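S.K.: Here is my input, please return the structure:
(2 chains)
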Amino acid sequence: MTYSEGDGGVSGQSLMFAATPLNMRNHRLQWLFRALFGLMTLILVVPVGIIFGVLLVRGGPAISFEFLFSYPSDGMTAGGIWPALVGTMWLVAVSLIASVPVGVAAAIYLSEYAPDNWLTRGINLAIINLAGVPSIVHALFGVGAFVIFAGFGTSILAASLTLAVMTLPLVIVATRESLQAVPMAFREACWNMGATRWQTIRTVVLPNAISGILTGVILSVSRTAGETAPIMFTGAAFFFPFLPSSVFDQTMAMAMHLFVISTAVPGAPDELKYGTALTLITLVLLMNAASIWFRSYLRGKKKW
Amino acid sequence: MKQKTIAPWTTWKAALVEDTALAIDIQNVSLWYGDFQALFEVDLQVKRGSITALIGPSGCGKSTLLRAVNRMNERLGDYVRTTGEIHVLDQDILSDDVELSQLRRHVGMVFQRPNPLPLSIQDNVLFAHRIHRADEKFNKLEEDEIVENALRRVLLWDEVKDRLGREATGLSLEEQQKLCIARLLPVKPTVILMDEPTSALDPKATAALEELIWELHGDYTILIVTHNMAQARRASEETAFMLLGRMVEHGVTEQIFLAPQEEGTADYIEGRYG
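M.R.: You can find the predicted model right below:
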């Protein structure tokens, strides 16, 4: 023990409160770990910055009104990305229409109705596993289930449904978590006034969970927009220089287009590739930003 | 849960007309959470319009007993098993044909922590009313009257009349708890169960709430769980003491506090454990 009573009085200074060697060691350790954790965070953030920076520098000059709104030309070595942009929007929209109602409803069942038993736990486990299935496996499932078995052919519908299956776990988990973040006390209050589960969900639980649900939906949008594998065999075309007119058409898509011009088109200028990548990542970042803004907007309205 | 036939409101009214002396009649009730037995052959009779305090150390089963009266324990599923008989206004509430929605309309509950819904003050007061309203027609005048009456009854009207549209979660805890009582009143409950309703409140708010409880008794039968001996003594007519899941003693409050019959009661009241 380096601590002894009355030290301070002896020297006339407040030695009683001076740092002991033990304090010094604790401070050094504390500093070390702070530096360590900070460094890890930096390692995480720096690549994102570099990627975006490189894309901005090399792809930025390619971005123009012309680039965004014209068709590819000269065997995809020039021109724009308009059909791919439109195709991605189709894919995102149709897959949302399929995945959101199913996902939200399933999450409501699991969170608000399902008894806590082995079956429910099994379902939850299955959902987590579904989220871990590689996207190429989803793609093969999509080919079997939607393209061939359901007879949709390679089409926006088949591709969107494949994407929907892939993003379902995301929607379910986000929805379930935001439902469970609604305090139990609100539900108890409702049930105690004789409200049924559904009345409780409709009037209290859902309105308070909506911000989290929307966040999950928007995150699934950005995932949908960025995926290549699931649409490669199910509906995305190598080159389809028309805008789709129905869900049974094939389409081009941003992620697929980037893959194609990077690997399969000899002589495609780098500028084109970087421009496409920049457009895609900007689209995704914008959607994420929107989701963050929207969530904080809805949070701000809550008072509990 | 399987669909049950709805016990018609008229049978409840009939019971009211007969004017039974007992609001709650608990007989020989035992309750298990899985393998754990929380209540052992508990008996308790609560007179209509009275205030009865349930006291006892933590974990003695007070809250469990309280929640048995509106069958709130059942939300945990088959895990909870109840035997014995509980009658509210002579109606067997454990019977299969009891509609829980109707039971809870007549047996309201106030919680330890005020839990107004994240809606406006006005919507909180009208919540139960809207759930139980038979016709879907919206009558603004009727609703305004209900809100005013309920809030006046809990001595809250003057404080909130100018901000009925504001979020209820922005009120002070005392106001929130009063609101939680007010929202039960529009559907005309018989019994109000209170589970340590003042434990989250400061002394001044506690006094205000106790005053309100006195003010309400007579019109409503109140069964209140409390950890606060002084509160049980001040704000109840009868007191029931529970220990380890058993009903030890039940009688007029003064008698329980001044001349308890059982040693366990005396020890608890004098603070030897608890």
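S.K.: now the strands: where do they sit in the chain?
M.R.: All of this is about chain A. Along chain A, the segments classed as strands by DSSP state E run A:72-73, A:78-79.
S.K.: Wait, chain B was what I had in mind.
M.R.: Counting by DSSP E, the strands of chain B are B:22-33, B:36-47, B:51-55, B:80-88, B:91-92, B:107-110, B:191-195, B:221-225, B:238-243, B:246-252.
S.K.: Take those strands and lay them out in TSV including mean neighbour count.
M.R.: The way it works is simple: take the backbone N, C-alpha and C, and place the C-beta from them, glycine included. What follows is these, written out as TSV (neighbours: other CB atoms under 10 Å in any protein chain shown):
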stretch	mean neighbour count
strand B:22-33	18
strand B:36-47	17
strand B:51-55	27
strand B:80-88	18
strand B:91-92	16
strand B:107-110	25
strand B:191-195	24
strand B:221-225	26
strand B:238-243	26
strand B:246-252	18
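S.K.: interface residues of the stretch 101-250 of chain B facing chain A?
M.R.: For the stretch 101-250 of chain B, the residues in contact with chain A (CB under 8 Å from any CB of the partner chain) are B:101-105, B:108-109, B:111, B:113, B:115-119, B:127-128, B:131-132, B:167, B:169-170, B:180, B:183-184, B:187.
S.K.: Please pick the buried ones from these.
M.R.: With burial judged by 16 or more other CB atoms under 10 Å in any protein chain shown, the buried subset of those is B:101-105, B:108-109, B:111, B:113, B:115-119, B:127-128, B:131-132, B:167, B:169, B:180, B:183-184, B:187.
S.K.: related to what we said a few turns ago, would you turn the strands of chain B into JSON lines with mean pLDDT and distance to residue A:151?
M.R.: What follows is the strands of chain B, written out as JSON lines (pLDDT from 0 to 100; distance: least, CB to CB, whole Å):
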{"stretch": "strand B:22-33", "mean pLDDT": "91", "distance to residue A:151": "53"}
{"stretch": "strand B:36-47", "mean pLDDT": "92", "distance to residue A:151": "57"}
{"stretch": "strand B:51-55", "mean pLDDT": "92", "distance to residue A:151": "67"}
{"stretch": "strand B:80-88", "mean pLDDT": "91", "distance to residue A:151": "51"}
{"stretch": "strand B:91-92", "mean pLDDT": "89", "distance to residue A:151": "59"}
{"stretch": "strand B:107-110", "mean pLDDT": "92", "distance to residue A:151": "56"}
{"stretch": "strand B:191-195", "mean pLDDT": "93", "distance to residue A:151": "59"}
{"stretch": "strand B:221-225", "mean pLDDT": "94", "distance to residue A:151": "64"}
{"stretch": "strand B:238-243", "mean pLDDT": "91", "distance to residue A:151": "68"}
{"stretch": "strand B:246-252", "mean pLDDT": "91", "distance to residue A:151": "69"}
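S.K.: can you pull the buried residues of stretch A:81-95?
M.R.: A:81-92, A:94-95.
S.K.: again, but for stretch A:64-79
M.R.: Neighbour count says stretch A:64-79 has A:67, A:71-72, A:76, A:79 buried, by 16+ other CB under 10 Å.
S.K.: Identify the farthest-apart pair in these.
M.R.: Between any two of those, the greatest separation by CB to CB is 13.2 Å, found for A:67 and A:76.
S.K.: and the buried residues of stretch A:81-95 as CSV, adding distance to chain B and pLDDT?
M.R.: Listed next are the buried residues of stretch A:81-95 as CSV, based on distance: CB to the nearest CB, whole Å; pLDDT from 0 to 100:
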residue, distance to chain B, pLDDT
A:81, 45, 86
A:82, 45, 87
A:83, 46, 86
A:84, 44, 87
A:85, 40, 89
A:86, 41, 88
A:87, 42, 88
A:88, 38, 89
A:89, 35, 89
A:90, 38, 89
A:91, 37, 90
A:92, 32, 90
A:94, 35, 92
A:95, 32, 92
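S.K.: mind listing which of these are in helices?
M.R.: Among the buried residues of stretch A:81-95, DSSP state H puts A:82-92, A:94-95 in helices.
S.K.: export the strands of chain B to TSV and tack on distance to residue A:237?
M.R.: Formatted as TSV, the strands of chain B follow (distance: least, CB to CB, whole Å):
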stretch	distance to residue A:237
strand B:22-33	61
strand B:36-47	64
strand B:51-55	73
strand B:80-88	59
strand B:91-92	70
strand B:107-110	62
strand B:191-195	64
strand B:221-225	69
strand B:238-243	74
strand B:246-252	76
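S.K.: burial measure for residue A:263, as a count.
M.R.: 10 (other CB atoms under 10 Å in any protein chain shown).
S.K.: Please enumerate the helices of the stretch 51-200 of chain B.
M.R.: B:62-69, B:100-106, B:121-132, B:140-153, B:157-160, B:173-182 (DSSP state H, counting those that start in this stretch).
S.K.: quick one: residue A:227 from residue B:65, how far?
M.R.: Separation of residue A:227 from residue B:65 (CB to CB, to the nearest Å): 56 Å.
S.K.: more crowded one of the two?
M.R.: Neighbours were counted for residue A:227 and for residue B:65 using other CB under 10 Å; residue B:65 has more, 27 against 24.
S.K.: Can you check what pLDDT the model gives the more buried one?
M.R.: Per-residue pLDDT puts residue B:65 at 93.
S.K.: give the contact list for the residue nearest to residue A:276 when sequence neighbours are not counted.
M.R.: Excluding the flanking residues, the one nearest residue A:276 by CB to CB, 6 or more residues apart in numbering or on different chains is residue A:258, at 4.7 Å. By CB atoms under 8 Å, 6 or more residues apart in numbering or on different chains, residue A:258 lies in contact with A:228, A:273, A:276-277, A:280.
S.K.: related to what we said a few turns ago, okay, the buried residues of stretch A:81-95 in CSV with distance to residue B:74 next?
M.R.: CSV is the format used below for the buried residues of stretch A:81-95 (distance: CB to CB, whole Å):
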residue, distance to residue B:74
A:81, 59
A:82, 60
A:83, 59
A:84, 56
A:85, 55
A:86, 54
A:87, 53
A:88, 50
A:89, 49
A:90, 49
A:91, 47
A:92, 44
A:94, 43
A:95, 41
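S.K.: from those residues, which is closest to residue A:269?
M.R.: residue A:81 (13.4 Å).
S.K.: what's the nearest residue to the closest one if we skip its chain neighbours?
M.R.: Per CB to CB, 6+ apart, closest to residue A:81 is residue A:276, 5.6 Å.
S.K.: same thing with residue A:210?
M.R.: residue A:298 is the one closest to residue A:210 (CB to CB, 6+ apart), at 6.7 Å.
S.K.: neighbours around the one you found, how many?
M.R.: Quick note: residue A:298 (other CB under 10 Å) scores 16 neighbours.
S.K.: correct me, but it touches residue A:208?
M.R.: No: applying CB atoms under 8 Å as the test, residue A:298 and residue A:208 come out as separate, 9.2 Å apart.
S.K.: Pull the contacting residues for residue 235.
M.R.: In the absence of a named chain, chain A is used. So residue A:235 contacts A:91, A:154-160, A:162, A:250-251 (CB under 8 Å, 6+ apart).
S.K.: Hmm, no, I was thinking of chain B.
M.R.: B:51, B:53, B:210, B:213-214, B:224.
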